[in-house]
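**Q** fold the stuff below for me.
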Amino acid sequence: MLAHRAKGYSLAYVLRKSALHFAIHIGLLALFVIWFFAADELCYKGLCLWGLGAFVGALARDFGWLRRIKAQWPFTEKIINWQTVEDLAEGKGSANTAA
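**A** Prediction:
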């Protein structure tokens, strides 16, 4: 939370922190596209289309989350007790004693 305090969440930050996650998604997406064109049977093509839809849906979910969290950040920034967050980040307390 402290990393986002000044400017909120950014697309670059999310991509940096989730690079492996997105690389796996893109790799699987490429495999499904290749499999779709290599498959001869209709059931395999249907499975490929289902997989493609699932991965596109996952990307839409992730970017939708980012859009919503960015829109809510000004409110979140106002209600957070930043002194407690800083203390927890420095290891001065635990989550149970902060409440």
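**Q** mind listing what's buried in the top helix by length along the chain?
**A** Longest helix of the chain, by residue count under DSSP state H: helix 42-79. By 16 or more other CB atoms under 10 Å, the buried positions in helix 42-79 come out as 48, 51, 52, 55, 66, 70. Every C-beta, even on glycine, is put in place using the N, C-alpha and C of the backbone.
**Q** any idea how far the spatially most central residue of the chain lies from residue 14?
**A** Central residue of the chain (CA atoms, centre = their mean): residue 62, 4.6 Å from the mean position. According to CB to CB, to the nearest Å, residue 62 and residue 14 sit 8 Å apart.
**Q** now do residue 91
**A** Relative to residue 14, residue 91 is positioned 26 Å away (CB to CB).
**Q** looking at those two, which is more packed in?
**A** In terms of neighbours (other CB atoms under 10 Å), residue 14 is the more surrounded of residue 91 and residue 14; the figures are 18 against 7.
**Q** check which helix or strand the more buried one maps to.
**A** Under the criterion of DSSP states H and E, residue 14 resides in helix 11-17.
**Q** what is that helix packed up against?
**A** If you count contacts as 3 or more CB pairs under 8 Å, 6 or more residues apart in numbering; DSSP states H and E, helix 11-17 packs onto helix 42-79.
**Q** so how far is the helix it packs on from its chain's centroid?
**A** 8 Å (CA atoms, centre = their mean, to the nearest Å).
**Q** report the rounded mean pLDDT for that helix.
**A** The average pLDDT within helix 42-79 is 89.
**Q** what sits against the closest residue to residue 11 other than its chain neighbours?
**A** In space, and not counting its chain neighbours, residue 11 is closest to residue 66: 6.6 Å by CB to CB, 6 or more residues apart in numbering. The neighbourhood of residue 66, defined by CB atoms under 8 Å, 6 or more residues apart in numbering, consists of 9, 11, 14.
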